[in-house]
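**Q** What would the 3D arrangement of this be:
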Amino acid sequence: MKLRLALEEKQLDLRVRDRLLAEGKLSKEEVKKFLETLPDEAANAVPLDHEENSNLQ
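**A** Have a look, this model is predicted:
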């Protein structure tokens with residue numbers, strides 16, 4: 001059971017999803033259903049300071 005769930009999650013991984021859509025192994029409807037189940041985390045967002053991040057490079 002855990003393996004099946006892990007494989008389902010991998011199909012919807014952003015890095016794999018587009019390839020599976022192009023190959024017809026995943027439908028746009030399946031992606032839409034998955035995205036609708038994700039919680040809204042906007043309240044947890046933290047603004048980034050561009051100048052602070054440029055010092056890291």
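**Q** Pull the residues that contact the helix or strand containing residue 31.
**A** Element membership for residue 31 (DSSP states H and E) is helix 28-37. By C-beta atoms under 8 Å, 6 or more residues apart in numbering, the residues outside helix 28-37 that reach it are 12, 17, 21. Every residue, glycine included, has its C-beta placed from N, CA and C.
**Q** and the second one, backbone torsions?
**A** Dihedral angles phi and psi of residue 17 (degrees, to the nearest 10) take the values phi -50, psi -50.
**Q** what about it, distance to residue 9?
**A** With distances taken as C-beta to C-beta, to the nearest Å, residue 17 is found 11 Å from residue 9.
**Q** Between the two, tell me which one has more neighbours.
**A** Neighbours were counted for residue 17 and for residue 9 using other C-beta atoms under 10 Å; residue 17 has more, 16 against 11.
**Q** shouldn't the more buried one be in contact with residue 8?
**A** No: using C-beta atoms under 8 Å, residue 17 is not in contact with residue 8, being 11.9 Å away.
**Q** any idea of the mean pLDDT for stretch 32-39?
**A** Mean per-residue pLDDT for stretch 32-39: 90.
**Q** CA atoms only: put that stretch into CSV for me.
**A** Taking C-alpha atoms only, stretch 32-39 is exported to CSV below (Å, rounded to 0.1, in the frame of the first residue of the first chain):
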residue,chain,number,x,y,z
LYS,A,32,-6.3,19.3,-11.6
LYS,A,33,-7.8,17.0,-8.9
PHE,A,34,-4.4,16.7,-7.2
LEU,A,35,-3.8,20.5,-7.2
GLU,A,36,-7.2,21.1,-5.7
THR,A,37,-6.4,18.9,-2.7
LEU,A,38,-3.3,20.9,-1.8
PRO,A,39,-3.7,23.2,1.2
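**Q** ok so, going back, among the contacts of helix 28-37, which one sits closest to residue 4?
**A** Closest approach to residue 4 among those (C-beta to C-beta): residue 12, at 13.5 Å.
**Q** Show me the shaky parts of this protein.
**A** Residues of the chain meeting the criterion pLDDT under 70: 1, 52-57.
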